[in-house]
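let's see this in three dimensions:
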Amino acid sequence: MINKNVLNTELISVQEFRDFLFDKIVPIEDIIDMKKQPITITLPYWRKFDLIPFVPKGNKFDISFAQLFWIRILDILRSFSYTVKNTQLVCDYFYKDAYESDLPKKNLKNYINHLKQLQKEFILSQKELEDYTLLQNMVFDEKLMYVLKFDINYLTNLIQSALEASQPAGIYIFNNGDVYEHIGENFFNHRGLYFDIREPHIYISIDKILEEFIRNEAIEQILLPQLLSDDEMMVIKEIRNKNVKELTVKKNGDIITHIDSSSTKTITGKQSTDLKVAMGLKNYEEVTLTTRDDKTLIFKKTIKKRLR
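Down below sits the predicted model:
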């Protein structure tokens, strides 16, 4: 929990969270743990076992939201009496692996390759061209890459990717220190390992921790897929796959959106949000989806009237 007086603000937006993710603006002495005790009580213990590689000595310094995320994970694992030995393995997975693999440089190279691929298919925007030039210069700046290695890790990658995808995300931590991540229905481990999530584990929700920082309406957009039925999820999936030929949604007898993607018209962010809200609140009367492969999904919600 962050003392609101520390940030001099209410809960922030997703964009603000992204902007300040790596800025050291949170005084460590104002953070309390799950037992409502100052987190500084536990710091010496975590420091002793090298579980907080970014935290200097002493009890007065500032940390970033990204670092606070890791402290929250440590606190959750401690509440389940997770062993120190295995917690060290989890720490190595997110931090040591990132440092040894030059993750900042790897991230930049991946984005540069993404822009190169886009350039083969489309004309890049002015901003994309500027990003391309800037990133190429950054990759060869060894001093910058070294500094970034202390901020960017596999946990920050997961947080940022989850926000970008606007999907629920989390971490599966098994009883031997192994880690499995997910964003939506995509499960992964950067070591290339596969795990059976039916095995005993501790699940830590990225969305739940985000509630400490971000306004409720923004969190609801991330959590929304958890509220949808399988049929509703299919509609969202087809939209994301750009496989929608025609979509009609009726709400209380009124059409809220009609898209024919075979024309130049596309689904806008506003229309997509309206659709998600309509389905998430279960207040539609009828949804009809026709995809490019001529598959049609129709489902209705009957609104029953109360008997007097």
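
quick check: which ranges of the stretch 1-150 of the chain have low pLDDT?
Where the stretch 1-150 of the chain drops to pLDDT under 70, the residues are 1-10.

pull the number of nearby residues for residue 28.
For residue 28, the count of nearby residues is 21 (other C-beta atoms under 10 Å). Yep, even glycine has a C-beta here, placed from its N, CA and C like the rest.

same question but for residue 150, I mixed them up
Neighbours of residue 150 under the rule other C-beta under 10 Å: 14.

wait, it touches residue 54, no?
Yes: the pair residue 150 / residue 54 is scored as a contact, 6.7 Å apart, by C-beta atoms under 8 Å.

hmm, who's touching the longest helix seen in the chain?
Longest helix in the chain, counting residues (DSSP state H): helix 103-121. The contact list for helix 103-121 (C-beta atoms under 8 Å, 6 or more residues apart in numbering) reads 97, 124, 128, 131-132, 135-136, 138-139, 145, 148-149, 151-154, 157.

next structured bit after that helix?
Note on helix 103-121: by DSSP states H and E, the next helix or strand toward the C-terminus is helix 126-139.

angle of that following helix against helix 103-121?
Per axes from the mean of the first three to the mean of the last three C-alpha atoms, to 10 degrees, the angle that helix 126-139 makes with helix 103-121 is 140 degrees.

which residues are contacting helix 126-139?
Helix 126-139 is contacted by residues 105, 108, 109, 111, 112, 115, 116, 118, 119, 124, 144, 145 when judged by C-beta under 8 Å, 6+ apart.

just the buried residues of those.
105, 108, 112, 145 (16 or more other C-beta atoms under 10 Å).

state the helix or strand in which the last one lies.
Going back to what we said before, that points to residue 145. Counting by DSSP H and E, the element that carries residue 145 is helix 142-148.

give me the buried positions along the host helix or strand of residue 86.
Per DSSP H and E: residue 86 is located in helix 84-91. Buried residues in helix 84-91, counted by 16+ other C-beta under 10 Å: 86, 87, 89, 90, 91.

and which of those is nearest residue 206?
Nearest to residue 206 among those is residue 90, at 14.7 Å by C-beta to C-beta.

from residue 195, how far out is the nearest residue to residue 167 once chain neighbours are set aside?
Leaving out its chain neighbours, the residue that sits closest to residue 167 by C-beta to C-beta, 6 or more residues apart in numbering is residue 184, at 3.7 Å. Distance of residue 184 to residue 195, computed by C-beta to C-beta, to the nearest Å: 17 Å.

got a list of contacts for the helix holding residue 86?
49-51, 53, 73-74, 77, 173, 175-179.

beyond it, next helix or strand please.
According to DSSP H and E, the helix or strand after helix 84-91 is helix 97-100.

show me what that following helix is packed against.
With contacts defined as 3 or more C-beta pairs under 8 Å, 6 or more residues apart in numbering; DSSP states H and E, helix 97-100 has these neighbours: helix 154-165.

helices or strands up against the helix it packs on?
When contacts are defined as 3+ C-beta pairs under 8 Å, 6+ apart, helix 154-165 packs onto helix 14-19, helix 65-79, helix 97-100, helix 103-121, strand 169-174, strand 179-183, helix 206-210.

recalculate using a threshold of 7 Å.
Packing partners of helix 154-165 (3 or more C-beta pairs under 7 Å, 6 or more residues apart in numbering; DSSP states H and E): helix 65-79, strand 179-183, helix 206-210.

C-terminal to the second one, what's the next element?
Right, the one you point to is strand 179-183. Counting by DSSP H and E, the next helix or strand C-terminal to strand 179-183 is strand 186-188.

show me what that next one pairs with in its sheet, parallel or antiparallel.
Using DSSP bridges, the strands paired with strand 186-188 in its sheet are strand 179-183 (antiparallel).
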